[in-house]
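A.B. asks: Curious how this folds, go ahead:
(one chain, ligands or ions: 1)
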Amino acid sequence: MGILDRHLHLLETHRAMQATGADPLVVMERVLSPTEAVINGRRTLLVGTNNYFGLTFDKACIEAAIEATRAEGTGTTGSRTANGTYAQHAALEAEMAEFYGKKHCMVMTTGYQANLGIISTLVGEGDYLVIDADSHASIYDACKQTQATIIRFRHNDPASLEARLRRLKDEPGNKLVVVEGIYSMLGDTAPLKAFVEVTKRYGGYILVDEAHSLGALGERGRGLVEEAGVLDEVDFVVGTFSKTLGAIGGFCVSDVEGFEALRVATRAYMFTASLPPSIVASVRAALKIVRKDGAVLRKRLWDNVATLYDGLAKAGFRLGPEHGPVVAVVMPDQMTTVGVWQALMEAGIYVNVAVPPATPGGLCLLRCSLSAAHSRGQLQHMVEVLAEVGHRFGVLPQERSAAVA
Ligand code: PMP
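C.D. replies: Numbers count the residues shown, from 1 in each chain. This next block holds a predicted model:
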């Protein structure tokens with residue numbers, strides 16, 4: 001058996017898609033703005049990024065990045081625990097901690113590493129890591145890096161979580177519950193208040209990954225933890241700088257005593273290079289925007305959510321269960337998903353193809369995501385095009401139905 005044989009089926013699936021003329025691994029030949037790029041020589045509307053506030057082209061963020069590069073160079077060439085902690089990293093950590101009203105913050109190089117490193121370090125032998133079954137890959141990968149016992153509960157089901165915790169109630173180990181604010185595939189939100197209540201009742205800790213909800217939810221943009229009114233009770237909030245904040249990086253904020261031990265125990269923090277000065281500076285500028293103009297951007301984002309979600313629901317598409325910055329359009333099968341995706345590309349619209357095993361419940365999805373930078377006209381155009389393509393591919397039901405889970 002060849003060393004890569006175990007992965008060949010993945011390549012075969014991908015090649016089967018390519019054989020139909022569709023290659024979802026697109027190359028952006030030129031990025032024009034937060035909502036447009038040139039792909040395959042065509043000006044294309046982007047409705048499949050995570051640019052929720054459209055800050056990637058924000059003037060202040062760009063200027064801050066340029067300025068920091070001039071002042072401090074292109075990279076740190078080392079990890080946070082060696083030569084890679086600059087005053088700016090510490091300043092960003094203080095600003096993130098203040099934003100969340102938490103005592104501690106650790107900034108990491110990606111959101112993936114934040115989940116991987118923090119979760120796998122918080123629990124070890126004799127402990128229990130209790131995760132939602134639809135968790136992101138970074139959470140599943142953290143499970144592989146810890147000696148803790150892994151227990152899954154049914155997606156977004158507090159009764160299922162309770163049943164698991166009840167069984168563990170006499171076990172001496174720590175219990176860490178991990179959920180996400182907004183789930184990246186179907187765009188549904190966690191019933192967080194109930195999760196927090198159950199977790200606390202059984203003496204557990206709870207960590208919330210707010211990758212898709214930072215900026216988008218909460219009166220001050222602090223995600224579902226704020227919107228659900230549980231910011232003070234949640235033990236760890238993990239998030240990313242790669243979506244609403246328009247750059248790259250991850251973070252964890254917390255009030256838990258002894259948090260600083262994570263800096264000398266988290267391998268994904270200690271053994272990888274730190275964020276370059278340009279990124280730290282642009283993230284700090286983006287955070288300032290979230291704090292100052294967040295309400296306006298959030299309203300624009302949610303107005304756009306309503307335009308796309310309601311437009312597609314009215315056209316008869318089956319969608320994810322909730323309004324949100326991620327709008328999942330359910331397709332009947334993989335070939336239709338790819339066919340519709342390709343037809344959208346030919347019409348100059350880019351969305352994400354999401355198929356099993358990356359999706360929950362074996363669903364085939366066209367994953368759309370919105371930005372405050374989209375214009376209403378762009379989204380109305382998308383609804384019209386997708387409705388036409390949906391009819392052409394026989395996706396739209398005869399009888400127009402409302403959104404379902
Ligand atoms: N958590 C969730 C829920 C995500 O969707 C993602 C990215 N798609 C991450 C973590 C990882 O973030 P990053 O891109 O910063 O590595």
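A.B. asks: which residues sit in contact with residue 338?
C.D. replies: Contacts for residue 338 (C-beta atoms under 8 Å, 6 or more residues apart in numbering) come out as 17, 20, 22, 24, 353. For glycine as for every other residue, the C-beta is placed from the backbone atoms N, C-alpha and C.
A.B. asks: in the host helix or strand of the first one, what counts as buried?
C.D. replies: According to DSSP states H and E, residue 17 maps onto helix 8-19. By neighbour count with 16 or more other C-beta atoms under 10 Å, helix 8-19 contains the buried residues residue 17.
A.B. asks: How about residues contacting whichever helix or strand comes after it?
C.D. replies: Later in the chain than helix 8-19, the nearest helix or strand by DSSP H and E is strand 30-33. With contact meaning C-beta under 8 Å, 6+ apart, strand 30-33 is reached by 37-38, 43, 56-57, 373.
A.B. asks: wait, which of those residues is closest to the ligand?
C.D. replies: Relative to the ligand, the closest of these is residue 56; by C-beta to the nearest ligand atom it sits at 13.6 Å.
A.B. asks: Based on its surroundings, how many neighbours for that closest one?
C.D. replies: Neighbour count for residue 56, taken as other C-beta atoms under 10 Å: 19.
A.B. asks: that's a strand at it, yeah?
C.D. replies: No - going by DSSP: H, G, I helix; E, B strand; the rest coil, the assignment for residue 56 is helix, not a strand.
A.B. asks: Distance of it relative to residue 66?
C.D. replies: Residue 56 sits at a distance of 14 Å from residue 66 (criterion: C-beta to C-beta, to the nearest Å).
A.B. asks: Would you mind listing which of the contacts of strand 30-33 are buried?
C.D. replies: Taking 16+ other C-beta under 10 Å as the criterion, what is buried in these is 37, 56, 373.
A.B. asks: got a markdown table for those residues, with distance to residue 291 and pLDDT too?
C.D. replies: Shown next, in a markdown table, are the buried ones among the contacts of strand 30-33 (distance: C-beta to C-beta, whole Å; pLDDT from 0 to 100):
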| residue | distance to residue 291 | pLDDT |
| --- | --- | --- |
| 37 | 29 | 98 |
| 56 | 18 | 98 |
| 373 | 19 | 98 |
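A.B. asks: Look at residue 394 and tell me its secondary structure.
C.D. replies: Under three-state DSSP, residue 394 falls in the coil class.
A.B. asks: Output the set of residues of this structure in proximity to the ligand.
C.D. replies: Proximity of the chain to the ligand, by C-beta under 6 Å from any ligand atom, involves residues 110-112, 115, 136, 138, 180, 184, 209, 211-212, 240, 242, 250.
A.B. asks: Quick one: residues in contact with the helix or strand bottoming out on mean pLDDT in the chain.
C.D. replies: Within the chain, no helix or strand scores below helix 8-19, which has a mean of 84 by mean pLDDT, DSSP states H and E. Around helix 8-19, the neighbours that count as contacts under C-beta under 8 Å, 6+ apart are 23-25, 338, 353.
A.B. asks: Drop anything exposed from those residues.
C.D. replies: Buried subset of the contacts of helix 8-19 (neighbour count, 16+ other C-beta under 10 Å): 23-24, 338, 353.
A.B. asks: Quick check: pLDDT value at the closest residue to residue 115 other than its chain neighbours.
C.D. replies: Nearest-residue entry for residue 115: residue 138, 3.8 Å, with adjacent residues in sequence omitted and distances by C-beta to C-beta, 6 or more residues apart in numbering. If you check residue 138, the pLDDT there is 98.
A.B. asks: what about the strands in the stretch 301-405 of the chain?
C.D. replies: 326-331, 349-350, 352-354, 364-369 (DSSP state E, counting those that start in this stretch).
A.B. asks: Save those strands as TSV, and put in mean pLDDT too.
C.D. replies: Formatted as TSV, the strands of the stretch 301-405 of the chain follow (pLDDT from 0 to 100):
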stretch	mean pLDDT
strand 326-331	98
strand 349-350	98
strand 352-354	94
strand 364-369	97
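A.B. asks: can you list the domain ranges for the protein.
C.D. replies: Residue ranges for the domains of the chain, per automatic domain parsing: 15-56+294-392, 76-275.
A.B. asks: Make a markdown table from these and add distance to residue 287 to it.
C.D. replies: Output for the domains of the chain, formatted as a markdown table (distance: least, C-beta to C-beta, whole Å):
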| stretch | distance to residue 287 |
| --- | --- |
| domain 15-56+294-392 | 10 |
| domain 76-275 | 6 |
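A.B. asks: closest to residue 2 out of those?
C.D. replies: With C-beta to C-beta as the measure, domain 15-56+294-392 is the member of the domains of the chain nearest residue 2 (16.9 Å).
A.B. asks: tell me how far the closest one is from the chain's mean position?
C.D. replies: What separates the centre of domain 15-56+294-392 from the centre of its chain is 16 Å, taken as C-alpha atoms, centre = their mean, to the nearest Å.
A.B. asks: hang on, the earlier thing: who wins for neighbours among the residues of the chain next to the ligand?
C.D. replies: residue 209 (33 neighbours).
A.B. asks: Now that one. Its backbone dihedrals?
C.D. replies: Note on residue 209: its backbone torsions stand at phi -90, psi 110 [degrees, to the nearest 10].
A.B. asks: Not counting its neighbours along the chain, what's nearest it?
C.D. replies: Here the residue nearest residue 209, using C-beta to C-beta, 6+ apart, is residue 180, at 4.5 Å.
A.B. asks: is it true that the one you found touches residue 191?
C.D. replies: No - look at residue 180 against residue 191 with C-beta atoms under 8 Å: they stay out of range, at 11.9 Å.
A.B. asks: Which pair of the contacts of helix 8-19 spans the longest distance?
C.D. replies: Spanning the widest gap among those are 25 and 338, at 12.1 Å by C-beta to C-beta.
A.B. asks: Run a quick neighbour tally on residue 188.
C.D. replies: Once other C-beta under 10 Å is used to define contacts, residue 188 is seen to have 20 neighbours.
A.B. asks: Settle this for me: it is touching residue 324, isn't it.
C.D. replies: Yes - if you go by C-beta under 8 Å, residue 188 and residue 324 touch, sitting 7.4 Å apart.
A.B. asks: any residues in contact with both of those two?
C.D. replies: Joint contacts of residue 188 and residue 324 (C-beta under 8 Å, 6+ apart) are residue 182.
A.B. asks: Looking at the contacts of residue 338, point me to the pair that's furthest apart.
C.D. replies: Across the contacts of residue 338 (C-beta to C-beta), the longest gap, 11.6 Å, separates 20 and 353.
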